[in-house]
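Asks: heads up, no residue letters with this:
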């Protein structure tokens, strides 16, 4: 019977086996963890990105350039992604729309984040974002996109932070050398609040409307006179709208009254106020945490936070599903649709569901 020589390579193999390193690398989870120790941006399955540049173009916003790892599948202009950061030991995610063209030559992603009052992630990024920082990155999602066959006329309307997906559409269309009629109407308090002022100021068809100062081409809030000034042909165009609830509501109502609501495409970047449905009753029980509180009538996410819990969430408006948890018993109401759900052991989105009477959650 022949024997194998005890070579240095075989001795190294026995050493690795004895140390447990091969056990660590044996499964996908082990490989992922090992690679993360070498470089947090490297990942076998997860999508992550490195911040390569940081600019603060206004006193309340930060613009990030991100280089995603090879797991990133790209995006269409108008879509959003979720950015994940760790704050005080808790993973937090929020939805942001890329502002760059979907054809950006270097493949990087540009995000402009406004540091909203009370915005946990936005204020963290504004204060702490720096080149070399690694963030979590979800694949792009959302249906607020231009059709594959571009319309002959396009009107883009945005307000405040809603500029980012619309800015991506504008940049994408310009890179395509779009030959149709194109207009862009943006609302801001003053031009000093606009991160892309220098770029937009030099473009034909772009009109800035200011609501608190008189330094825009137009002043005041949305109305027919603004449409007449910017795109008198709007009724024959496809309109893409993103902005705060007041602007969204005004444009939707106007288009509906004119009978052209089917030509309006929208993306909400912040939830509209939730209307109370009456007196709240019952108790909300967080079974895993051992906490309970009287039902305040707020969403399950708000009530969980009021009880001292920190459930994961992202958009806070029912888009990203980050806050989904199991409701073990009780009835909930979807605050957007009014739909009731009394089935036990089902997943519910905490941010858009409120308890109706006693409710128990596996949190």
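Replies: Ah, there it is. Only a predicted model underlies this, so the values are computations on that prediction, with no experimental measurement involved. Numbering: from 1, shown residues only.
Asks: what separates residue 87 from residue 286, distance-wise?
Replies: Distance of residue 87 to residue 286, computed by Cβ to Cβ, to the nearest Å: 21 Å. C-beta coordinates here come from the backbone N, C-alpha and C atoms, glycine included.
Asks: what about those two, which has more around it?
Replies: Neighbour count, other Cβ atoms under 10 Å: between residue 87 and residue 286, residue 286 has more, with 22 against 14.
Asks: Give me the nearest residue to the more buried one, chain neighbours excluded.
Replies: Distances taken as Cβ to Cβ, 6 or more residues apart in numbering place residue 363 nearest to residue 286, at 4.6 Å, with adjacent residues excluded.
Asks: Equivalent analysis for residue 147, please.
Replies: Nearest residue to residue 147, sequence neighbours excluded (Cβ to Cβ, 6+ apart): residue 238, at 7.6 Å.
Asks: and that neighbour, bridged to which residues?
Replies: residue 154 (DSSP bridges).
Asks: Now do the contacts for it.
Replies: Residue 238 sits next to 147, 151, 153-155, 263, 265 when contact means Cβ atoms under 8 Å, 6 or more residues apart in numbering.
Asks: Format the residues you listed as a markdown table; extra columns: neighbour count, pLDDT and distance to residue 197.
Replies: Shown next, in a markdown table, are these (neighbours: other Cβ atoms under 10 Å; pLDDT from 0 to 100; distance: Cβ to Cβ, whole Å):
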| residue | neighbour count | pLDDT | distance to residue 197 |
| --- | --- | --- | --- |
| 147 | 9 | 97 | 29 |
| 151 | 18 | 97 | 27 |
| 153 | 18 | 98 | 26 |
| 154 | 24 | 98 | 22 |
| 155 | 25 | 98 | 20 |
| 263 | 17 | 98 | 29 |
| 265 | 16 | 97 | 25 |
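Asks: Pick the one among the residues you listed closest to residue 59.
Replies: Of all the contacts of residue 238, residue 155 has the smallest distance to residue 59: 29.8 Å, by Cβ to Cβ.
Asks: got the contact list for that closest one?
Replies: Residues in contact with residue 155, defined by Cβ under 8 Å, 6+ apart, are 182-185, 230-231, 234, 237-240.
Asks: Tell me how far the residue nearest to residue 147 lies from residue 198.
Replies: Going from residue 238 to residue 198 by Cβ to Cβ gives 28 Å.
Asks: can you check residue 328 too?
Replies: 54 Å.
Asks: Which one's more surrounded, these two?
Replies: Neighbour totals were compared for residue 328 and residue 198, and residue 328 leads with 16 against 9 (other Cβ under 10 Å).
Asks: Please name the nearest non-neighbouring residue to that one.
Replies: Residue 328 sits nearest to residue 360 (Cβ to Cβ, 6+ apart), 4.7 Å away.
Asks: Which strand or helix spans the one you found?
Replies: strand 353-361 (DSSP states H and E).
Asks: what comes into contact with that strand?
Replies: 274, 277, 280-287, 295, 297-300, 303-304, 325-335, 340-341, 350.
Asks: which neighbours does it have in its sheet, and in what orientation?
Replies: strand 283-286 (parallel), strand 324-334 (antiparallel).
Asks: I'd like the next helix or strand past the first one.
Replies: What that stands for is strand 283-286. Counting by DSSP H and E, the element after strand 283-286 in chain order, helix or strand, is strand 291-294.
Asks: if I read this right, residue 322 contacts residue 315, doesn't it?
Replies: Yes - Residue 322 lies in contact with residue 315 (Cβ atoms under 8 Å); the separation is 7.3 Å.
Asks: Just confirm the residue nearest to residue 286 contacts residue 325, I think it does.
Replies: Yes - at 5.5 Å, residue 363 and residue 325 qualify as touching, with contact defined as Cβ under 8 Å.
Asks: Please enumerate the shared neighbours of the two.
Replies: Common contacts of residue 363 and residue 325 (Cβ under 8 Å, 6+ apart): residue 311.
Asks: quick one, helices of the chain?
Replies: Counting by DSSP state H, the chain has helices at residues 8-19, 21-26, 28-38, 120-128, 163-175, 197-201, 224-230, 245-257, 300-306.
Asks: buried ones in the last one?
Replies: Within helix 300-306, the residues that qualify as buried by neighbour count (16 or more other Cβ atoms under 10 Å) are 300-304.
Asks: quick one: which of the residues you listed is nearest to residue 96?
Replies: Ranked by distance to residue 96 (Cβ to Cβ), these are led by residue 301 at 19.2 Å.
Asks: Now the closest one. Nearest residue, chain neighbours left out?
Replies: Closest residue in space to residue 301, ignoring its immediate chain neighbours: residue 350 at 3.8 Å, by Cβ to Cβ, 6+ apart.
Asks: likewise residue 87?
Replies: The shortest distance from residue 87 to any non-neighbouring residue, by Cβ to Cβ, 6+ apart, is to residue 124 (5.4 Å).
Asks: what's next to stretch 333-352, contact-wise?
Replies: Outside stretch 333-352, the residues touching it (Cβ under 8 Å, 6+ apart) are 271, 274, 277, 299-301, 304, 311, 313, 315-318, 321, 323-332, 353-356, 361.
Asks: That'll do, ta.
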